[in-house]
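Colleague: coords please:
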Amino acid sequence: MSPRKKAGEEAAPEEELSIEETFARLEEVLAHIEEGECSLEETFQYYEKGMKLVKACHDKIDRVEKQIQVLGGEGEES
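Modeller: Presented below is the predicted three-dimensional model:
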């Protein structure tokens, strides 16, 4: 078996990841939780990491929505 990363180990902070990379990491966290082979403490660590990733996804989507609104507003003023 390949060595697993612990719940808190990540290559880059959530802020540096693209939306797609953030969703991919979230899917990995969910897979670990759904396997049910982790201790309660590890599951809680994965849950915390997942919540951070969800927040990062939400923040990234909000930024994109604001950019779209700005661009849409610029087009209407012409």
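Colleague: which SSE is the residue nearest to the spatial centre of the chain in?
Modeller: Nearest residue to the geometric centre of the chain (Cα atoms, centre = their mean): Leu53, 2.9 Å. Leu53 is part of helix 40-77, with elements assigned from DSSP states H and E.
Colleague: helices or strands up against that helix?
Modeller: For helix 40-77, the elements it packs on are helix 19-35, judged by 3 or more Cβ pairs under 8 Å, 6 or more residues apart in numbering; DSSP states H and E. Bear in mind the C-beta positions are built from the backbone N, C-alpha and C, glycine included.
Colleague: and the helix it packs on, how far from the chain's centre?
Modeller: Chain-centre distance of helix 19-35: 8 Å, with Cα atoms, centre = their mean, to the nearest Å.
Colleague: Adjust the sequence numbering to begin at 38 for everything that follows.
Modeller: Let's use 38 as the start, then, which means that last one is helix 56-72.
Colleague: Report the helix or strand with the lowest average pLDDT across the protein.
Modeller: helix 77-114 (a mean of 91; mean pLDDT, DSSP states H and E).
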